[in-house]
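> Got a predicted structure plus its sequence, pasted below:
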Amino acid sequence: MKNIPYIDFYRKHIVSPVSQDISDIEKHFERRNSLYRHLGIIPLFLSGKNVIEFGPGCGYNSIYTNSLGPALYVLVDGNPTGVNNTKNILAQYATSSTSNYKVVESMIEEYQDSMTYDFVFCECLIPRQNDPTQFLKNISKFVKPGGILVITCVCSISWFSEALRRIMSYLIIDEADLIEQNLKKLRPFLEPQLKYLTHMSRPIDDWIIDNILNPFNNSLLSIADAIEALDEQFDIYGSSPHFCSDWRWYKELHGNYRKFNILAKETFYSNAHNLMDHRFLFPKRSVERNKYLIDLCNQIVKTRTEIEQNRNLDKLFYILPKISEEIKTFSNEISDSINDYIQAIKYYKEYNKIPSLNGFMQFWGRGVQYLSFIKTK
């Protein structure tokens with residue numbers, strides 16, 4: 001029987017490690033409002049509409065969506081702990097009646113509903129599924145014509161810095177240990193690095209459990225992958241971060257000249273290197289050079305699994321210098337961060353100890369990208 005991503009791990013350990021710091025609820029709502037703004041969704045759009053969310057986690061983000069007054073809000077999750085947390089937090093923060101929403105415990109792949117919805121949300125869930133493209137197509141069936149689908153993507157470039165951290169983390173932990181034992185080992189290593197993500201709102205332990213200790217596969221879903229999967233029935237609408245500018249005159253955008261998805265794919269590939277490090281923004285590169293960089297990062301993603309299983313680091317010394325060399329064509333700083341990591345791995349091989357990572361600590365990618373789509377058929 002195939003491993004069920006996220007669910008098997010969450011159920012086994014009775015966790016839902018996706019909580020948020022909402023001690024300042026106004027700040028939390030402003031963040032969600034800003035995200036929706038990037039996606040082309042103003043608050044009034046959800047008022048009186050039918051909304052479904054797949055994988056709400058603990059419901060922290062859902063309280064903002066519910067505050068916008070949807071007529072019906074259905075939340076579907078297969079993790080019992082997450083379902084209970086979502087019910088509790090929605091009841092706590094519901095601004096008036098709680099009769100407009102319902103939380104359903106169900107595997108998302110098995111969920112059945114005769115309705116289609118004005119808005120369908122699925123955040124931080126599709127990448128890592130056994131078949132992300134098919135998973136995406138399944139949830140897209142719940143969008144009514146003219147409705148909006150909101151998803152998240154992760155590609156090997158945006159996840160590259162985290163892949164390197166995960167590799168090094170598995171040199172520190174013992175998978176046979178309890179979660180709390182491994183957290184104790186990883187906090188001193190990862191906490192100083194996570195502090196460079198100054199606007200991070202998830203507790204550090206939750207981040208470590210979900211991104212390091214959670215045994216996920218290599219399946220990712222890039223922006224280009226998502227566009228291709230939905231191309232026949234959906235047009236891309238918005239994104240966060242914004243990566244696509246369309247300078248065409250609106251009067252020429254009709255019939256075969258609209259091509260929103262084609263433009264977005266081309267723009268993604270020419271800007272993909274800007275997902276490598278959140279500190280920098282670079283001019284566009286050729287599609288060919290960025291596809292080469294994506295291929296190199298894909299190799300690291302695949303190598304990550306082998307290292308976790310057998311701790312054989314040799315492939316890193318072949319792939320990482322190539323990546324560093326390619327990145328040096330547009331960023332000395334990122335190249336230096338990778339070289340610092342290479343030296344740390346060499347030190348580990350010789351002394352069986354992780355050294356300080358002063359040149360690497362600030363290197364974090366733009367890990368998750370949000371996309372909104374309009375269903376056209």
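It's in.

> okay, Met1: pLDDT?
pLDDT recorded at Met1 is 55.

> same deal with the one 5 residues further on?
With respect to pLDDT, Tyr6 has a value of 94.

> Kindly report the same for the one 10 residues further on.
If you check Ser16, the pLDDT there is 95.

> and what of Asn218?
As predicted, Asn218 sits at a pLDDT of 88.

> quick one, phi/psi of it?
Torsion angles at Asn218 (phi, psi; degrees, to the nearest 10) stand at phi -90, psi 10.

> That one against Val301, yeah?
Yes: contact criterion CB atoms under 8 Å: Asn218 and Val301 qualify, at 5.3 Å. All C-beta atoms are positioned from the backbone trio N, CA, C, and that covers glycine.

> of these two, who's got more company?
Between Asn218 and Val301, counted using other CB atoms under 10 Å, the more crowded position is Val301 (18 against 14).

> where does the protein have low pLDDT?
Across the chain, the ranges flagged by pLDDT under 70 are 1, 95-97.

> The same query, at a cut-off of 80, please.
Applying pLDDT under 80 to the chain flags residues 1-2, 94-98.

> ends of stretch 100-120, how far apart?
Taking CA to CA, to the nearest Å, the first and last residues of stretch 100-120 lie 16 Å apart.

> before we move on, what about stretch 127-136?
End-to-end span of stretch 127-136 (CA to CA): 9 Å.

> So which bits of that stretch are buried?
Going by neighbour count (16 or more other CB atoms under 10 Å), the buried part of stretch 127-136 is 127-129, 132-133, 135-136.

> Now go through these and say which are in helices.
Those of these mapping onto helices are 132-133, 135-136, per DSSP state H.

> Let me have these in TSV, extended by distance to Asn256.
Below are these laid out as TSV (distance: CB to CB, whole Å):
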residue	distance to Asn256
Pro132	29
Thr133	25
Phe135	30
Leu136	25
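
> Which pair in these has the greatest spatial separation?
Spanning the widest gap among these are Thr133 and Phe135, at 7.2 Å by CB to CB.

> And stretch 348-357, what's buried?
For stretch 348-357, the neighbour count (16+ other CB under 10 Å) marks 348, 357 as buried.

> Quick check: end-to-end length of it?
Across stretch 348-357, first to last residue, CA to CA, it's 12 Å.

> ditto for stretch 92-106
End to end - CA to CA - stretch 92-106 spans 23 Å.

> Which residues in that stretch does the neighbour count mark as buried?
In terms of neighbour count (16+ other CB under 10 Å), stretch 92-106 has its buried residues at 93, 100-101, 103.

> Relative to Gly78, which of these is nearest.
Nearest to Gly78 out of the buried residues of stretch 92-106 is Val103 (CB to CB; 11.9 Å).

> quick one: which helix or strand includes the closest one?
Element membership for Val103, per DSSP states H and E: strand 101-105.

> Strands of the stretch 51-200 of the chain, start to end?
Remark: strands assigned in the stretch 51-200 of the chain by DSSP state E, counting those that start in this stretch are 72-77, 101-105, 117-122, 143-153.

> Let me know which of these is the nearest to Tyr111.
With CB to CB as the criterion, Tyr111 lies closest to strand 72-77 of those, at 5.2 Å.

> Pairing partners for that closest one, with directions?
Strand partners for strand 72-77, identified by DSSP bridges, are recorded as strand 50-54 (parallel), strand 101-105 (parallel).

> Distance to Ala224 added to the buried residues of stretch 92-106, as TSV?
Shown next, in TSV, are those (distance: CB to CB, whole Å):
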residue	distance to Ala224
Tyr93	37
Asn100	37
Tyr101	34
Val103	34
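
> so which of the residues you listed comes closest to Thr267?
Using CB to CB, Tyr101 comes nearest to Thr267 of those, at 36.5 Å.

> check contacts around the closest one.
By CB atoms under 8 Å, 6 or more residues apart in numbering, Tyr101 lies in contact with 66, 70, 72-75, 90, 94.

> one more time with 7 Å
Tyr101 is in contact with 66, 73, 75, 90, counting by CB atoms under 7 Å, 6 or more residues apart in numbering.
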